[in-house]
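S.K.: generate a structure from the sequence data that follows.
(one chain, ligands or ions: 1)
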Amino acid sequence: MQRKSLFSILSAAAIVAVLTGVWGSVDSRAVLAQDSDSSREQSGVAEEKAKPYRPKSKAQLRRELSPIQYNVTQNEGTEPAFQNRYWNNKREGQYECVVCGQPLFTSKTKFKSGTGWPSFFAPLSPDSVGTKKDWKLFYTRVEVHCSRCKAHLGHVFEDGPRPTGLRYCMNSASMNFVDQATLDRRKAEQDAAEKKAAESEGSDSTETSDEASAADDQ
Ligand SMILES: [Zn+2]
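M.R.: Numbering: from 1, shown residues only. Next up, the predicted model:
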């Protein structure tokens with residue numbers, strides 16, 4: 001009797017271990033992304049000072065976005081496969097949030113998935129995107145959104161290529177593509193602005209509020 005109950009405890013433990021192993025991998029990444037969200041909010045001051053984000057009103061979003069962009073980003077809609085801007089875009093550059101402009105993905109991690117949606121094996125940085133469990137279908141999926149403005153981007157699956165084994169299946173409607181030449185130009189302008197700010201900082205070290213607003217402008 002005792003042996004039997006010990007056996008059932010052991011098998012229950014084994015089932016838990018298997019389930020944890022199976023679900024743990026996506027969950028831990030999801031938790032990781034959520035943690036980075038919350039740690040940003042907690043530690044906040046330094047990072048938020050650099051990039052304050054004021055959520056846009058629904059009315060403003062309706063003005064700025066096309067109907068498909070609005071539906072995908074605000075209502076977790078899905079655009080049609082193969083009938084979207086970037087599924088077959090092979091140009092070098094980066095993909096930014098269509099709502100707030102946050103950089104999300106780079107062409108360096110884009111791969112041919114055959115799904116008809118732009119697919120990436122990793123986000124630009126771990127805290128570019130946040131994730132949450134999605135129960136809309138009969139199985140659970142991991143929903144992916146912009147970590148800054150919470151715009152819906154798509155879903156992440158565990159059948160992607162190496163090195164991550166992940167497939168970020170995104171909607172083109174959630175993103176704007178910026179080509180490498182534009183990125184290089186932006187970088188040069190930013191470097192020039194930083195150099196200028198550093199020079200004016202050197203000339204008047206007591207001025208702190210102007211430094212902060214200069215950082216905001218970038
Ligand atoms: Zn965003």
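
S.K.: neighbours around Phe105, how many?
M.R.: When neighbours are defined as other Cβ atoms under 10 Å, Phe105 has 26 of them. Bear in mind the C-beta positions are built from the backbone N, C-alpha and C, glycine included.

S.K.: doesn't Pro123 make contact with it?
M.R.: Yes: with contact defined as Cβ atoms under 8 Å, Phe105 counts as touching Pro123 (5.9 Å).

S.K.: what's the overlap in contacts for those two?
M.R.: Tyr168 (Cβ atoms under 8 Å, 6 or more residues apart in numbering).

S.K.: those residues of this protein touching the ion, which are they?
M.R.: Residues of the chain lying near the ion by Cβ under 5 Å from the ion: 97, 99-100, 102, 146, 148-149, 151.

S.K.: how about these in a markdown table, adding neighbour count?
M.R.: Converted to a markdown table, the residues of the chain next to the ion look like this (neighbours: other Cβ atoms under 10 Å):
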| residue | neighbour count |
| --- | --- |
| Cys97 | 23 |
| Val99 | 25 |
| Cys100 | 18 |
| Gln102 | 18 |
| Cys146 | 24 |
| Arg148 | 21 |
| Cys149 | 18 |
| Ala151 | 26 |
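
S.K.: and the residues you listed as TSV, adding secondary structure?
M.R.: Output for the residues of the chain next to the ion, formatted as TSV (DSSP: H, G, I helix; E, B strand; the rest coil):
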residue	secondary structure
Cys97	strand
Val99	coil
Cys100	coil
Gln102	coil
Cys146	strand
Arg148	coil
Cys149	coil
Ala151	coil
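
S.K.: adding pLDDT, write those out as JSON lines.
M.R.: Below are these laid out as JSON lines (pLDDT from 0 to 100):
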{"residue": "Cys97", "pLDDT": "98"}
{"residue": "Val99", "pLDDT": "98"}
{"residue": "Cys100", "pLDDT": "97"}
{"residue": "Gln102", "pLDDT": "98"}
{"residue": "Cys146", "pLDDT": "98"}
{"residue": "Arg148", "pLDDT": "97"}
{"residue": "Cys149", "pLDDT": "97"}
{"residue": "Ala151", "pLDDT": "98"}
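
S.K.: TSV for those residues, including distance to Gln60?
M.R.: As requested, those are exported to TSV (distance: Cβ to Cβ, whole Å):
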residue	distance to Gln60
Cys97	15
Val99	10
Cys100	12
Gln102	17
Cys146	16
Arg148	16
Cys149	12
Ala151	13
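
S.K.: from these, which is closest to Gly165?
M.R.: Cys146 (22.9 Å; Cβ to Cβ).

S.K.: let me see the contact set for that closest one.
M.R.: Contacts of Cys146 (Cβ under 8 Å, 6+ apart): 97, 99-100, 102, 104, 128-130, 153, 174.

S.K.: please repeat the previous calculation with a cut-off of 6 Å.
M.R.: With contacts defined as Cβ atoms under 6 Å, 6 or more residues apart in numbering, the neighbours of Cys146 are 97, 102.

S.K.: now swap in Val99 and tell me
M.R.: 73, 149, 151.

S.K.: skipping adjacent residues, who's closest to it in space?
M.R.: Ala151 (4.2 Å; Cβ to Cβ, 6 or more residues apart in numbering).
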